[in-house]
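S.K.: based on what follows, work out the 3D shape:
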Amino acid sequence: MTAHASVKLSDMPGLPVTGVLYNPRSHRNRDSAIVEPDYPVIRVEQPRRRRDLKDAMQRFVDSGVELLVINGGDGTVRDALTGGAMVFGDDWPDIAVLPRGKTNALTIDLEMPKSWSLEEAIIAHRDGRRVQRRPMVLEPMDGKELTRLGFILGAGVFLAAIESGQDAHKFGAFDSLAVAMTTVWGVTQALFGGDKNPWRRGVEARILLGEPMTELERSRYGDPRWRAMIFLSSLSRFPAGLKPFGDAEGPLRIAVIDHLRRRIVAQMPWVLRGNHSDRLVEAGLHRRSADRIELDLGDRFILDGEVFAPGRYCVTPGPLLNFVVP
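M.R.: Numbers count the residues shown, from 1 in each chain. As a prediction, the model looks like this:
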């Protein structure tokens, strides 16, 4: 924001009424407090509990917020969109995300600068671009859990990878570096570990796709009740240049590995780069797109960094949101 460094925001015309959802527990926020710019039309909310999110979002609505700034990582974005869905309905404000978490997959997809400031986000609402993205809506089919919005869902090996990624964070690796370290470690474990190894065990699962609810086909390898890895997302770009869905396109995309045979594991770096072959399909690698996916999972899974209980869930495309980018 060097061009505006000497100009106060309060003196600049055409800037939006802004609401900031600030997560003080996000990785890059822990040692600092939010600095509110010299800008008269701004409201900052710091809900300490998830049950306070709806009220915080309602105050944004009541304030006529035109720009919602989410200050945090992927988990904060998930909570903000979940809370926002309760009050915004189909009338969402523009959204800007300040990447402050341990993982920031959405801002990587949006190609956001890591150092983006609140002032720059506010000015970008007037001078920048809009990029549209749809989160996924995760709805428990038993009605016992809250419906949530998020961008990345995974089970089986993916859960083991996330838990291993937490160890990478302890050693100071974040974002693309953490993904690279976890990938290397996971390939090693899957190549040399036994079937009881969490990197090989997978998850008992039934997967139904589309309105006809067609069950995803399965190869002849491994226990037919289990899948080694399940990965869903509505994003287009991923950390470290990964392309887990290959060329599959659609509102929801899913990648599934039936069983971690060594042929697949040995080619995992190429698989993750989007490479495709008939031999990989025969070995149990599936990539699909759909507008509705039903999952019946016998073990825990991850949505944007949070662990959820086993059960039956329906995944559908969420609202089309406008994200402000430089």
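S.K.: flag the shaky bits of the stretch 1-150 of the chain, pLDDT-wise.
M.R.: 1-7, 10, 24-38, 40-41 (pLDDT under 70).
S.K.: swap in the stretch 151-300 of the chain?
M.R.: Residue ranges of the stretch 151-300 of the chain with pLDDT under 70: 163-200.
S.K.: let's see it at 50
M.R.: Judged by pLDDT under 50, the stretch 151-300 of the chain has its weakly predicted residues at 165-185, 187-188, 191-192.
S.K.: ok, residue 249 - contacts?
M.R.: With contact set as Cβ atoms under 8 Å, 6 or more residues apart in numbering, residue 249 has these partners: residue 289. C-beta coordinates here come from the backbone N, C-alpha and C atoms, glycine included.
S.K.: just use 25 as the starting number from now, easier for me
M.R.: Understood, numbering begins at 25; the last thing we discussed is residue 273.
S.K.: all helices for the stretch 175-324 of the chain, in order.
M.R.: Counting by DSSP state H, counting those that start in this stretch, residue ranges of the helices within the stretch 175-324 of the chain are 181-194, 199-216, 222-225, 286-290, 292-295, 302-307.
S.K.: run a quick neighbour tally on the residue nearest to residue 267 when sequence neighbours are not counted.
M.R.: Leaving aside its chain neighbours, residue 267 sits nearest to residue 298 (3.1 Å; criterion: Cβ to Cβ, 6 or more residues apart in numbering). Burial of residue 298 is recorded as 15 neighbouring residues (other Cβ atoms under 10 Å).
S.K.: same question, residue 304
M.R.: When neighbours are defined as other Cβ under 10 Å, residue 304 has 19 of them.
S.K.: enumerate every residue touching it.
M.R.: 287-288, 291, 295.
S.K.: using neighbour counts, trim the residues you listed to the buried set.
M.R.: Buried members of those, scored by 16 or more other Cβ atoms under 10 Å, are 288, 291, 295.
S.K.: list the contacts of the second one.
M.R.: For residue 291, the contact set (Cβ under 8 Å, 6+ apart) comprises 299, 304.
S.K.: what's the distance between it and residue 281?
M.R.: Distance of residue 291 to residue 281, computed by Cβ to Cβ, to the nearest Å: 11 Å.
S.K.: do I have it right that residue 339 meets residue 159?
M.R.: No. Using Cβ atoms under 8 Å as the test, residue 339 is too far from residue 159 to be in contact (10.5 Å).
S.K.: neighbour count winner among those two?
M.R.: When neighbours are counted by other Cβ under 10 Å, residue 159 comes out ahead of the other of residue 339 and residue 159, with 25 against 22.
S.K.: phi first, then psi, for that one.
M.R.: phi -70, psi 170 (degrees, to the nearest 10).
S.K.: pull the contacting residues for it.
M.R.: Residue 159 makes contact with 105, 173-175, 258, 342-343, 345 under the criterion Cβ under 8 Å, 6+ apart.
S.K.: how about stretch 250-260: buried residues?
M.R.: Of the residues in stretch 250-260, 250-259 count as buried by neighbour count, 16+ other Cβ under 10 Å.
S.K.: if we can go back for a sec, so who does the residue nearest to residue 267 touch?
M.R.: 267-271.
S.K.: same check, this time on residue 116
M.R.: Counting by Cβ under 8 Å, 6+ apart, residue 116 touches 92, 108, 343, 345-346.
S.K.: and what of residue 344?
M.R.: With contact set as Cβ under 8 Å, 6+ apart, residue 344 has these partners: 156-158.
S.K.: do the same with residue 337
M.R.: Shown in contact with residue 337 (Cβ under 8 Å, 6+ apart): 162-165, 318-319, 321.
S.K.: let me know the helix or strand that it is in.
M.R.: strand 335-341 (DSSP states H and E).
S.K.: give the partner strands of that strand in its sheet and their orientations.
M.R.: Strand pairing for strand 335-341, using DSSP bridges, gives strand 160-164 (antiparallel), strand 317-321 (antiparallel).
S.K.: give the buried residues for stretch 279-287.
M.R.: Using 16+ other Cβ under 10 Å as the test for burial, stretch 279-287 gives 279-285.
S.K.: return the member of the residues you listed nearest to residue 138.
M.R.: Proximity to residue 138 was ranked across these by Cβ to Cβ; first place goes to residue 279, at 26.9 Å.
S.K.: quick one: that closest one and residue 290, what's the gap?
M.R.: Per Cβ to Cβ, residue 279 is found 17 Å from residue 290.
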